[in-house]
Every structure is written in C-alpha cells, then in structure tokens.
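Asker: I need the structure of the sequence given here:
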Amino acid sequence: MTKKLWFQVGAGILLAMLIIKYFLEINSIFTPVVIILKAIFVPLLLGGVLYYITEPIQRFLENRKVPRWGSMLSIFAILSLVIWIFIAIIGPPVTKQINHLVENAPTLVKEINNMKDFALQHKDDLPPNLQESIDSAANSLQAIGVKFGKWIVQFLQSFFQAMFLLILVPFFFIFMLKDHERFAPFVYNFFTGERRKWVQKTLHDIDNVLRTYIQGQLLISFILASMLLIGYLIIGLHYALLLAIFALFMNLIPFIGPWIAVTPALIIAFTQDPKLVIGVAIVTLVAQQVDSNLITPNVMGKTLDIHPLTVITVILAAGNIAGFLGIILAIPTYAVGKAIVKNIYERRREIRLAATKNV
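Answerer: Numbers count the residues shown, from 1 in each chain. A predicted model of the protein is given here:
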C-alpha cells in the first residue's frame with residue numbers, strides 16, 4: 001500500500017500540514033528570517049521582472065557578438081531612454097488629466113449618486129425575480145469593489161513602505177543580467193545521473209513558463225492599452241490616456257483584469273454623455289476580440305494552457321490570502337507549480353515504464 005500514489009500523496013499532504021502547524025506555533029523563532037525575506041522580496045521580484053523584459057534584447061545583442069558588458073550597458077541606456085520618454089512626453093498629459101480628474105471628482109460623485117438614485121427609484125417597476133437578481137448583483141459588486149479598494153490601498157502601502165529598499169532592484173537586476181546562466185547549474189549540480197537531468201529539465205520548464213508569462217502578459221497589456229487609447233480618442237472620451245494607462249496595469253491580471261479596467265471608463269462615459277457608454281462598450285469588445293483571437297494565441301501559445309475557470313478560482317483565492325499582490329502573482333505561481341507537478345508525474349511514469357521493462 002505504501003507504494004501506491006494516492007497513499008504517498010496523502011502522506012505528503014498530512015506531513016506538509018503538520019510542518020505548517022508546528023511552524024506557526026514556533027513562528028517567533030523565524031521572525032528575523034521572515035522580516036529579511038519580506039525586505040528583499042519586492043526588490044527581487046522587480047529585478048526578476050526587469051530581467052525577463054530585457055532578456056530578449058540581451059540575447060539579440062549577444063547573438064551578434066556583442067560582449068556581456070556591452071549588452072548590459074545597452075540595456076541600461078534603453079531603459080534610461082524609456083524612462084526619459086515617459087517623464088518628458090507622457091508625464092505632462094497624465095499629470096494634467098489627473099489634476100482635471102481631481103477637480104471634477106465632486107461632479108463625478110454627484111453623477112454617480114444620481115445614477116444610483118435613478119436605479120433605486122425605478123427598481124420597483126421591475127418583476128420581483130429581476131429585482132432580487134439586481135439586489136444580489138449589486139451586493140456582490142459592492143463587496144468586490146470594497147475588497148478591491150482595500151487590496152489597492154494595501155498594495156500602495158506596501159509599495160511606499162518598500163520604496164527605500166528599491167536600491168536593491170538594480171543590484172538584483174545587474175546580477176541576473178550578468179550571471180543568469182549560472183543559477184540552474186548551481187542547483188542541478190547537487191544531483192547526479194537521471195535525477196540531475198530531471199532537475200535540469202524542471203528548471204528549464206520553470207524558466208520558460210516565467211519568461212512566456214511575463215513577456216507575453218506585458219506585451220498583451222501594452223497592445224490592449226494602445227488599442228483602447230486609440231478607441232477612446234476616436235470616440236472623444238475624457239481622460240483617455242489616464243484610462244489607457246490604468247487598463248495597461250489592470251490587464252496584467254488575466255481574464256478579470258479587462259473587466260476591472262473598463263469599469264471606470266464606463267462610469268466616466270456615462271457622466272460625460274450616456275451615449276458614449278455604447279462607444280466604450282464597442283471599443284472594449286473589439287479590443288477583447290482582437291486579443292482573444294489574434295494576440296494571446298500568437299504571444300502565449302499553449303505554454304501556460306490554464307482553463308479560464310482555474311484562472312478565476314486561483315485569482316480569487318490568492319486575493320483573499322495575499323491581497324492585491326497575491327492577485328498579481330497568482331497565475332505565474334500556479335503555472336510554475338503546474339510545471340513542477342507535470343515533471344514529477346512524467347518522471348514517475350518513466351520510472352514505472354522502466355520497472356515494467358525490467359520485469
């Protein structure tokens with residue numbers, strides 16, 4: 001019985017639960033370690049994201065015989081240029097739109113309250129079943145909105161608390177650009193034989209998953225934000241650039257991100273001119289159709305291969321556990337875990353097949 005997979009998995013789960021239980025009971029011993037890990041987590045995360053963003057540039061340059069130091073200097077020059085462009089060209093209109101939005105905030109709040117009062121006044125004219133559905137949907141949306149607002153606040157608090165540690169971001173980034181080939185050998189050289197090959201393949205799959213997700217998701221978000229910006233400008237929506245930048249970051253959240261991104265656009269469209277709501281809906285629909293049918297299949301391919309229902313479940317669970325940061329990290333973490341489990345399963349199958357042949 002001990003050789004059965006279900007028994008080994010069950011024993012592993014029970015052992016993991018016991019370890020977590022006793023770890024929580026003696027967590028005071030590990031408090032300094034936890035503090036250190038929290039301190040370096042955000043800089044390490046940002047350094048890793050920057051590395052995967054710029055890794056294609058480094059590979060392109062080094063394939064053309066550019067030395068490592070030359071590729072690194074080129075990457076920092078490109079990043080500096082991008083930052084300068086954002087500050088000099090994009091920064092002023094964004095600042096102007098933010099100031100205008102702050103000035104018009106009381107008017108927007110008044111219009112939203114009028115919308116709510118109008119909906120409540122005419123709710124009694126609807127059939128009882130539809131009224132119950134609207135009440136349920138409103139309560140759900142309110143709960144989601146409150147929770148999402150808390151996640152945003154928590155994320156901003158954590159972000160500003162970690163600002164003084166951002167000096168570590170260039171350190172991790174430079175280290176990854178310079179010595180990224182050494183990490184995998186450092187790990188799998190501890191093993192020998194077939195196990196070493198398995199660890200090497202697993203690390204390669206993890207690297208491939210992270211590279212595909214980070215590069216693909218950023219590229220998809222940028223393309224979607226550009227399409228939304230063009231569409232918003234065509235229909236004459238106010239705060240088009242600000243809404244497009246908001247969509248750029250929200251689209252980093254798979255599947256539910258676009259729905260979050262379109263909400264403020266619909267509200268602003270309704271307060272500006274109710275007819276613009278139709279325009280925003282059409283722009284969003286076109287952008288999402290282009291994304292789902294052309295962009296994502298060609299950028300992501302089948303590397304992640306995660307069902308939308310799984311995406312929603314993982315994101316909601318991560319949001320309840322770790323807030324907004326958990327939402328951002330949920331899918332890549334799940335994809336890495338899936339790659340590890342897949343390699344474990346394939347390794348076990350190879351062992352069983354080898355044992356069968358020997359018999």
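Asker: test my guess that residue 329 contacts residue 319.
Answerer: No - if you go by Cβ atoms under 8 Å, residue 329 and residue 319 don't touch, sitting 10.7 Å apart. Bear in mind the C-beta positions are built from the backbone N, C-alpha and C, glycine included.
Asker: quick one, which of those two is more surrounded?
Answerer: residue 319 (21 against 13; other Cβ atoms under 10 Å).
Asker: report pLDDT for residue 324.
Answerer: Confidence at residue 324, expressed as pLDDT, is 67.
Asker: which phi and psi does residue 57 have?
Answerer: When read as degrees, to the nearest 10, the backbone of residue 57 gives phi -70, psi -50.
Asker: ok, the closest residue to it other than its chain neighbours to residue 318 distance?
Answerer: Closest residue to residue 57 apart from its sequence neighbours, by Cβ to Cβ, 6 or more residues apart in numbering: residue 75 at 5.7 Å. Using Cβ to Cβ, to the nearest Å, we find residue 75 at a distance of 31 Å from residue 318.
Asker: swap in residue 229?
Answerer: Residue 229 is 29 Å from residue 318, by Cβ to Cβ.
Asker: cool, residue 13 as well?
Answerer: 20 Å.
Asker: who has more neighbours, these two?
Answerer: residue 318 (20 against 10).
Asker: one step back: so which helix or strand takes in the residue nearest to residue 57?
Answerer: helix 68-85 (DSSP states H and E).
Asker: next up, the contacts around residue 48.
Answerer: Shown in contact with residue 48 (Cβ atoms under 8 Å, 6 or more residues apart in numbering): 172, 176, 210.
Asker: and the one helix or strand residue 264 maps to, what's buried?
Answerer: Element membership for residue 264, per DSSP H and E: helix 257-272. For helix 257-272, burial by neighbour count (16 or more other Cβ atoms under 10 Å) applies to 257-258, 260-262, 264-265, 267-272.
Asker: mind listing residues that contact it?
Answerer: 107-108, 111-112, 115, 148, 224, 228, 232, 237-239, 243, 246-247, 250-251, 253, 276-277, 279-281, 284, 288, 291.
Asker: could I have it exported to PDB, CA atoms only?
Answerer: C-alpha atoms of helix 257-272 as PDB (Å, rounded to 0.1, in the frame of the first residue of the first chain):
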ATOM      1  CA  GLY A 257      -8.300  42.400 -15.400                       C
ATOM      2  CA  PRO A 258     -10.000  43.800 -18.600                       C
ATOM      3  CA  TRP A 259     -13.400  43.800 -16.700                       C
ATOM      4  CA  ILE A 260     -11.800  45.900 -13.900                       C
ATOM      5  CA  ALA A 261     -10.200  48.200 -16.500                       C
ATOM      6  CA  VAL A 262     -13.400  49.000 -18.300                       C
ATOM      7  CA  THR A 263     -15.400  49.900 -15.200                       C
ATOM      8  CA  PRO A 264     -14.000  53.500 -14.700                       C
ATOM      9  CA  ALA A 265     -14.200  54.100 -18.500                       C
ATOM     10  CA  LEU A 266     -18.000  53.200 -18.400                       C
ATOM     11  CA  ILE A 267     -18.600  55.500 -15.400                       C
ATOM     12  CA  ILE A 268     -16.800  58.500 -17.000                       C
ATOM     13  CA  ALA A 269     -18.500  57.900 -20.300                       C
ATOM     14  CA  PHE A 270     -21.900  57.900 -18.600                       C
ATOM     15  CA  THR A 271     -21.200  61.100 -16.700                       C
ATOM     16  CA  GLN A 272     -19.800  62.700 -19.900                       C
END
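Asker: need the next SSE after that helix, C-terminal direction.
Answerer: Counting by DSSP H and E, the next helix or strand C-terminal to helix 257-272 is helix 276-290.
Asker: re earlier: and the helix holding residue 75, average pLDDT?
Answerer: Helix 68-85 comes out at a mean pLDDT of 90.
Asker: C-terminal to it, what's the next element?
Answerer: Remark: after helix 68-85, the chain's next helix or strand is helix 91-103, criterion DSSP H and E.
Asker: now the angle between helix 68-85 and that next one, please.
Answerer: 40 degrees (axes from the mean of the first three to the mean of the last three Cα atoms, to 10 degrees).
Asker: which strands and helices sit next to helix 91-103?
Answerer: With contacts taken as 3 or more Cβ pairs under 8 Å, 6 or more residues apart in numbering; DSSP states H and E, helix 91-103 sits against helix 240-250.
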